[in-house]
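K.L.:
Quick check, what structure comes out for this input:
(2 chains)
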Number of protein chains: 2
Amino acid sequence: MSERAPRVVIVGAGFGGLAAAKRLVGKRVDVTLVDRRNHHLFQPLLYQVATAALSPADIAAPIRSILSSAPNVRVLLDEVVGIESSSNQVILDRTGPLAFDWLILSTGACHSYFGQDHWASHAPGLKSIEDAVDIRRRVLLALELAETETDATRRRRLLTFVVIGGGPTGVEMAGAIAELARRSASNDFRSITPRCSRVVLVEAGSRVLPAFPPPLSLKAEQALSELGVEVLVNSPVSNVAGDHVASGRVQIPAHTVVWAAGVQASPAAQWLKAEHDRQGRIFVERDLRVPDHDRIFAIGDTANVPSMDGQALPAIAPVAKQQGRWVADQILGRCAMPFAYRSFGNLATIGRSKAVIEWGNYQQSGFIAWLIWSLAHIWFLVGFRSRLAVGISWLWNYFTYQRSARLITDEAVSSSRILGREAGA
Amino acid sequence: MSERAPRVVIVGAGFGGLAAAKRLVGKRVDVTLVDRRNHHLFQPLLYQVATAALSPADIAAPIRSILSSAPNVRVLLDEVVGIESSSNQVILDRTGPLAFDWLILSTGACHSYFGQDHWASHAPGLKSIEDAVDIRRRVLLALELAETETDATRRRRLLTFVVIGGGPTGVEMAGAIAELARRSASNDFRSITPRCSRVVLVEAGSRVLPAFPPPLSLKAEQALSELGVEVLVNSPVSNVAGDHVASGRVQIPAHTVVWAAGVQASPAAQWLKAEHDRQGRIFVERDLRVPDHDRIFAIGDTANVPSMDGQALPAIAPVAKQQGRWVADQILGRCAMPFAYRSFGNLATIGRSKAVIEWGNYQQSGFIAWLIWSLAHIWFLVGFRSRLAVGISWLWNYFTYQRSARLITDEAVSSSRILGREAGA
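P.N.:
This next block holds a predicted model:
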């Protein structure tokens, strides 16, 4: 009985890592949860921070608070720089080596610009609170600059917003930007007519929401049109610059561009020199172990799990959460079956009061779908306080069309530099 | 009747500028309100953002929204770089010259380090949302770094928080940091005991809250002690470095320092080459006009108004608001009396459920004072949405001791750089 409890190290407190940690609470294991952030982020609602509907703290909770009453879980604010698998150690940037008996890699993904990394400064992606606040600043500042711009061509460019990528994030961003720019702010300006803002969603494939059945893609495209979003399909982006987006010979002059097109897994595969797919996800065994590393699991956006049809599982929260719990059960010796994902359907929302839902053969779109979407997201938000705050903000936005977090802020840059930098563009 | 409406330019959308603009809504004047921020900030509650109790958007509202239904008011996001009083023009950084018939300068104040500007990087002040988020990051990060620090001396230093300046802001900050560090986070750490955090309030004078009667200062010092704050009076600061604060021969090793000691008016006096006091406030006439500039007023923290007792009016919101309304009335030709400030008392709060209030001869301290303080602040918050959100956050904090906005974020710096920079300190 005096045997030491097994040490479980979990890297990343996203949906997968947090689910694994919660499953291990109170069990005979010593858990260390490492994240380079102090907060767990409810990423599905991040686009609402980027479009000024919610505050960062509404969708982010301190990891320590979530696990406050779990004495066998220790939370470390640190960043992994490598793994020494021969000695079963994770190397941390600040606190050095950390030994493990079991290791769970749930390090998530970041943006990928398909090798065109110089696009990043013109078209920020949406993964962190900082990204969201940056995009919010760009969108609001574009309206402010347009208000005082006297040149008609430049003003049109300032009032054009392009979202690249027609997946759920891109569709949600485009809808929300259209609502913010065209409706919420519509009475606030004197020189410009925000309703004349142009919002363009550019998708390389033949339809938006390719993971949904074609009829729902069509519904989504209709709902976007009603919000005033132009949808361009079959339009792979060939260039992104400070003043335009190009797809082949089509050029869209635009001041503000958001990237929702590609993701790249974190460098976990490189730490282990493991085989990975083009997006950097480790090819794991059917029990989510990393090949040749019996005590290391990879889950969520870090893993490519073999499935019957050869398709990777979708990069969504339910997959990561189920994998996190399943791996925890493995470590506790409770489970010997291969992992199987149980789908609870697919949801995406398009602006105020429209959504699409797929659940097996059940398909739904429109207001009912939006209600289901809202309730599901409020339900899954971590912590009662956040649920309450988000619920209130949504009701407020719904009835008033107002956005409650329309702040242009930047910690590290003085406001005169913000103005100067943007005005020169 | 075809005569052009007088053009009123207001610089700064703080309490004074906004009050003036609101008074001029719907009147026969063309108002332009210029601010380098897009939001009006409810500064009295900024310390609650710095200590993770409120989100930035709870206490900041877009200036445009506030004045959305005022067609004769135009809001400009820009920064004043000078004034050409001979031609009645304000020179804006981005949009160039702006002509006025009447000009109201309500540009507020910033921190002053008494000529020791190099202290600024070690001891940030609290004036903007960015300042507040920076202080929040420093306080929360200090606890995180202490959790993994193995050297006892360094850990003690990481767990020591010094607030410089015993005015209302300093007292509020010290109380709130003590609550955050010693109580709210107390179950979240495994290696450190946040309750052992040391919070020191350093004041140069002989008592805290010098603007209040001595008995209330004593009450405030008692309330601070109960929260675990050490109060050092008669302790002018002689040095602020990255790892300590010194007052004469007393050295306090501390990782986190907050500056609440001195303010300096914005450069409005320099734009006009007007006479000003040591804090940079323009000596105005009794009708708030800048001497030799009949059409230019200065109000709020920008002005030093002559009074009977030779004392400048306090740098608080009610003074600025009354002056703003009074100047607007002057412009509308409604008022010929010299400005007289009508005091509605003085309030300061010390952490959860303690406050002090002075109202003429009426003095109150403790819980009743805190209730009055809370209701007054919720009442004066701009916009119903903010009132509701702040009310809920406060109730939540009050009953749970939790802080809802405990986020470490930084837009412009990657998290590894945050860690690296702080770990080296």
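K.L.:
all contacts plus neighbour counts: C-alpha atoms, from now on.
P.N.:
Noted.
K.L.:
Show me the domain layout of chain A.
P.N.:
A:7-36+A:78-111+A:263-331, A:117-261+A:352-423 (automatic domain parsing).
K.L.:
what kind of secondary structure is the residue of the stretch 151-300 of chain A found nearest chain B in?
P.N.:
The minimum distance from the stretch 151-300 of chain A to chain B, using Cα to the nearest Cα, falls at A:D188 (4.7 Å). With DSSP: H, G, I helix; E, B strand; the rest coil as the basis, A:D188 sits in coil.
K.L.:
okay, now A:R156: neighbour count?
P.N.:
By the measure other Cα atoms under 10 Å in any protein chain shown, the count of residues near A:R156 is 18.
K.L.:
Kindly state the pLDDT recorded for it?
P.N.:
Here the pLDDT value assigned to A:R156 is 95.
K.L.:
quick one, strands of the stretch 1-150 of chain A?
P.N.:
A:7-11, A:30-35, A:39-41, A:60-62, A:73-77, A:80-84, A:89-92, A:96-99, A:102-105, A:109-111 (DSSP state E, counting those that start in this stretch).
K.L.:
could those strands be laid out in CSV, adding distance to B:A274 and mean pLDDT?
P.N.:
Formatted as CSV, the strands of the stretch 1-150 of chain A follow (distance: least, Cα to Cα, whole Å; pLDDT from 0 to 100):
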stretch, distance to B:A274, mean pLDDT
strand A:7-11, 60, 98
strand A:30-35, 54, 97
strand A:39-41, 49, 93
strand A:60-62, 48, 87
strand A:73-77, 52, 95
strand A:80-84, 57, 96
strand A:89-92, 57, 97
strand A:96-99, 58, 96
strand A:102-105, 64, 98
strand A:109-111, 53, 84
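K.L.:
the helices in chain A, which residues?
P.N.:
Secondary structure of chain A (DSSP state H): helices at A:15-24, A:46-50, A:63-66, A:129-148, A:152-158, A:168-179, A:214-227, A:268-272, A:317-331, A:367-380, A:384-400, A:415-423.
K.L.:
Kindly report the residues of the stretch 151-300 of chain A close to chain B.
P.N.:
Residues of the stretch 151-300 of chain A found near chain B (Cα under 8 Å from any Cα of the partner chain) are A:185, A:187-190.
K.L.:
Name all residues that make contact with A:T169.
P.N.:
A:47, A:260 (Cα atoms under 8 Å, 6 or more residues apart in numbering or on different chains).
K.L.:
Now do stretch A:85-94: everything it contacts.
P.N.:
Outside stretch A:85-94, the residues touching it (Cα under 8 Å, 6+ apart) are A:78-84, A:97-101, A:272, A:293, B:419-420, B:423.
K.L.:
How about stretch A:173-189?
P.N.:
In contact with stretch A:173-189 (Cα under 8 Å, 6+ apart) are residues A:47-48, A:51-52, A:139, A:143, A:147, A:161-163, A:193-201, A:224, A:227-229, A:350-352, A:401-403, B:64-65, B:67-69, B:74-75.
K.L.:
Report the distance from stretch A:24-37 to the chain centre.
P.N.:
24 Å (Cα atoms, centre = their mean, to the nearest Å).
K.L.:
near chain B at all, it?
P.N.:
Yes. Against chain B, stretch A:24-37 shows contacts by Cα under 8 Å from any Cα at A:36-37.
K.L.:
mind checking pLDDT for the closest residue to A:I282 other than its chain neighbours?
P.N.:
Nearest non-adjacent residue to A:I282, counting by Cα to Cα, 6 or more residues apart in numbering or on different chains: A:H276, 4.2 Å away. According to the prediction, A:H276 has pLDDT 92.
K.L.:
Same question for the one 4 residues further on.
P.N.:
A:G280 carries a pLDDT score of 90 in this model.
K.L.:
hang on, the earlier thing: rank the domains of chain A by mean pLDDT and give me the bottom one.
P.N.:
Among the domains of chain A, domain A:117-261+A:352-423 scores lowest, at a mean of 85.
K.L.:
With distance to B:H39 as extra columns, can I get the domains of chain A in CSV?
P.N.:
Listed next are the domains of chain A as CSV, based on distance: least, Cα to Cα, whole Å:
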stretch, distance to B:H39
domain A:7-36+A:78-111+A:263-331, 31
domain A:117-261+A:352-423, 6
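K.L.:
and B:A254, which of those domains is closest to it?
P.N.:
Among the domains of chain A, the nearest to B:A254 by Cα to Cα is domain A:7-36+A:78-111+A:263-331 (20.4 Å).
K.L.:
State the distance spanning the first to the last residue of the closest one.
P.N.:
Domain A:7-36+A:78-111+A:263-331 stretches 10 Å from its first residue to its last (Cα to Cα, to the nearest Å).
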